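>>> sharing a model prediction with you, sequence too.
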2 protein chains.
Amino acid sequence: MVQKKLNGPPPSPRPRGRPRAYRPELALAQARDAFWRDGFAATSLDDLSAATGMNRPSLYAAFGDKQALYVKAYASYRAEVRETFRPIFRAEAPLRDKLRRILVAALDLYSSGEAGPRGCFTVLTASSDVVADPEIRALVVEALTSIDEGFARLFAAAIESGELPGDADPVRLAHMAGATVHSLSVRARAGIARRDLERLIEDAVVTILGPASADPSRGKRKAQGLSGK
Amino acid sequence: MVQKKLNGPPPSPRPRGRPRAYRPELALAQARDAFWRDGFAATSLDDLSAATGMNRPSLYAAFGDKQALYVKAYASYRAEVRETFRPIFRAEAPLRDKLRRILVAALDLYSSGEAGPRGCFTVLTASSDVVADPEIRALVVEALTSIDEGFARLFAAAIESGELPGDADPVRLAHMAGATVHSLSVRARAGIARRDLERLIEDAVVTILGPASADPSRGKRKAQGLSGK
DNA sequence: TGACTTTTATACTATTTCGCATATAAAGGG
DNA sequence: CCCTTTATATGCGAAATAGTATAAAAGTCA
């Protein structure tokens, strides 16, 4: 019985012509790395061609012109960052540990890069191009908002669970956590030593949540910088 | 009595050749604005020529090549920023007002720019070029350090004067104030509304110094987020 | 096998970019 | 009035850059 034409979409329908010599997702990640390091203007198509292993006509066929490729690369960065942080934000853990883990994960991300730490694509690379390109600006605003909202949800949940006092202002705390993330990004890219950045993280945790109780057996922590507005 | 040759340096000795058609300081400021807006790579010599009104040979004679001009432009930015903030840091005022004024002055600076807000040259433009140029990196590290140290001195003086409790940690508070500045810069350049950024400033002041006392007649403010290392 | 389809590889063009060579302009000195 | 000095103006040229035309390659389908 011939069933070829009756099948739904097979797992791999093998397209008609010559097969691709690259994997689109991988190539996009490599282009993203190049843009992330050098920015839009300083990354030439030759650089992108070398980074992806694709020649220019293939780049154009796959992603469009340089501008379109940049937008796609940045969007892929954002998607990957979301995937990285979602489980950390959702993890079951005490608020203080969770906040610290989030900031350390951000630091890890910003410190990565073979040719030196790159900071955050949103904060450094894309923000620079914001003046020239409204599409990038919209993406950057969305990213900044999303950071704040993630932290605000975190703190709101902590109020709900009693880990923060009821009169704490989640938006205010989220602003400061977001500012810490931005600052980590800038400092990491400047090459500030990791030890100093870990110190910054501790300073932020203490400032946002108050000093850790010396005696964990006491149910109520010394809450500082929490209430008000 | 002929005294021409005996005089010390006259106020304007009139140099020998054809007089300059530009004022070096002004031209440098205009080049700085161009770099500030678009970054190193995206600013061409034609752009710089148009911005300064100088043609390229004059640019080279006055400032050297593009790289050297960039470094000089960034250095001039730093010098101007220092001049702007020195009096605000030194002003005689309550700590809370002073901190707020500093942050508002930063916001004003970052919001400036004819073609949209530019953020901080250090945080956005120069940081992007840090990966490629060690000289820029050194300047950026110096700038970041200088921000932290300025705030740390401010808080240390406040401890000295009794405005902050003796066990407050000036470096920790300075880290958070610096982070607020970095965050303001990023958000301003992204085009976040000024109202929201003023809210961020208030949130930072409250988080760093604790909520303002509702009753100023009481000598001791409710100190929050202040003590502890 | 041979027509068809899609991708890759090479080479090309038009433009931009940086840096500089050369010629001209505007001042002072003797 | 001519020479020297310094700056400006024009424009050249080599290299880089973005984007594309064209042809070869590597598959499928019948």
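Happy to help now that I have it. Residues are numbered from 1 along each chain as shown, chains lettered A, B, ... in the order given.
>>> how about the residues of chain A near DNA strand C?
Residues of chain A that fall close to DNA strand C, judged by Cβ under 7 Å from any atom of the strand: A:15-22, A:54-58, A:61-62. C-beta here means a position set from N, CA and C on the backbone, and glycine is covered the same way.
>>> nearest to DNA strand C within chain A, name that residue for me.
Ranked by Cβ to the nearest atom of the strand, the top residue of chain A for proximity to DNA strand C is A:Gly17, at 1.9 Å.
>>> neighbours of that residue, how many?
In terms of burial, A:Gly17 registers 5 neighbours under the definition other Cβ atoms under 10 Å in any protein chain shown.
>>> isn't A:Ser112 right up against A:Arg118?
Yes - with contacts counted by Cβ atoms under 8 Å, A:Ser112 reaches A:Arg118, the gap being 6.8 Å.
>>> most widely separated two among the residues of chain A next to DNA strand C?
Pairwise distances across the residues of chain A next to DNA strand C (Cβ to Cβ) peak at 23.4 Å, for the pair A:Arg16 and A:Arg56.
>>> look at the two and report which has more neighbours.
More neighbours surround A:Arg56 than the other of A:Arg16 and A:Arg56, with 11 against 6 (other Cβ under 10 Å).
>>> pretty sure that one contacts A:Ala50?
No - between A:Arg56 and A:Ala50 there is no contact under Cβ under 8 Å: 10.9 Å.
>>> which residues of chain A fall in helices?
A:24-42, A:45-52, A:56-63, A:66-90, A:95-111, A:127-128, A:134-160, A:170-190, A:194-209 (DSSP state H).
>>> could you give the separation of the first one from the chain centroid?
If I follow you right, that is helix A:24-42. On the basis of Cα atoms, centre = their mean, to the nearest Å, the separation between the geometric centre of helix A:24-42 and that of its chain is 15 Å.
>>> that one near chain B anywhere?
Yes - when contact is scored as Cβ under 8 Å from any Cβ of the partner chain, part of helix A:24-42 falls within range of chain B: A:Arg37, A:Asp38, A:Gly39, A:Phe40, A:Ala41, A:Ala42.
>>> list the contacts for the residue nearest in space to the middle of chain A?
Among the residues of chain A, A:Val81 comes closest to the average C-alpha position under Cα atoms, centre = their mean, at 3.6 Å. Remark: with contacts taken as Cβ atoms under 8 Å, 6 or more residues apart in numbering or on different chains, A:Val81 is in contact with A:Leu109.
>>> can you tell me how far it sits from A:Tyr110?
A:Val81 sits 11 Å away from A:Tyr110 when distances are taken as Cβ to Cβ, to the nearest Å.
>>> same check, this time on A:Arg23
The span separating A:Arg23 from A:Tyr110 equals 26 Å under the rule Cβ to Cβ.
>>> could you tell me how many residues sit around A:Pro57?
Using other Cβ under 10 Å as the criterion, the residues surrounding A:Pro57 number 9.
>>> list the contacts of it.
Listed by Cβ under 8 Å, 6+ apart, A:Pro57 has no contact partners.
>>> where does pLDDT dip in chain A?
For chain A, applying pLDDT under 70 flags the ranges A:1-13, A:214-229.
>>> how about the residues of it by DNA strand D?
So far as Cβ under 7 Å from any atom of the strand goes, chain A lies against DNA strand D at A:14, A:16-19, A:43-46, A:56-57, A:60, A:65-67.
>>> if we go to 6 Å?
A:14, A:16-19, A:44-46, A:56-57, A:60, A:65-66 (Cβ under 6 Å from any atom of the strand).
>>> that older thread, what would the helices of chain A look like in JSON lines with distance to B:Glu202?
Compiled in JSON lines, the helices of chain A are given as follows (distance: least, Cβ to Cβ, whole Å):
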{"stretch": "helix A:24-42", "distance to B:Glu202": "33"}
{"stretch": "helix A:45-52", "distance to B:Glu202": "44"}
{"stretch": "helix A:56-63", "distance to B:Glu202": "43"}
{"stretch": "helix A:66-90", "distance to B:Glu202": "26"}
{"stretch": "helix A:95-111", "distance to B:Glu202": "22"}
{"stretch": "helix A:127-128", "distance to B:Glu202": "23"}
{"stretch": "helix A:134-160", "distance to B:Glu202": "15"}
{"stretch": "helix A:170-190", "distance to B:Glu202": "8"}
{"stretch": "helix A:194-209", "distance to B:Glu202": "16"}
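>>> out of the ones you listed, flag the one nearest B:Ala138.
Of these, nearest to B:Ala138 by Cβ to Cβ is helix A:170-190, at 9.6 Å.
>>> name the residues of that closest one that are buried.
For helix A:170-190, the neighbour count (16 or more other Cβ atoms under 10 Å in any protein chain shown) marks A:170-190 as buried.
>>> now swap in stretch A:188-207 and tell me
A:188-192, A:197, A:200-201, A:203-207.
>>> so which of the residues you listed are also by chain B?
Of the entries in the buried residues of stretch A:188-207, those that also sit close to chain B under the rule Cβ under 8 Å from any Cβ are A:Arg189, A:Ala190, A:Gly191, A:Ile192, A:Leu200, A:Asp203, A:Ala204, A:Val206, A:Thr207.
>>> confirm for me that the fifth one is in contact with A:Val181.
The reference is to A:Leu200. No - here A:Leu200 does not reach A:Val181: they are 10.7 Å apart, not a contact under Cβ under 8 Å.
>>> quick one on the thing from earlier: now, the most widely separated pair of the residues of helix A:24-42 next to chain B?
A:Arg37 and A:Ala41 (12.8 Å).
>>> neighbour count winner among the two?
Counted by other Cβ under 10 Å, A:Arg37 and A:Ala41 do not tie: A:Arg37 has more neighbours, with 21 against 18.
>>> which residues are in contact with that one?
For A:Arg37, the contacting residues are A:Thr43, A:Gly113, A:Ala115, A:Arg118, B:Val131, taking Cβ under 8 Å, 6+ apart as the criterion.
>>> select only the buried ones of those residues in PyMOL?
Selection of buried members from the contacts of A:Arg37 for PyMOL, criterion 16+ other Cβ under 10 Å:
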select buried, (chain A and resi 43+113+118) or (chain B and resi 131)
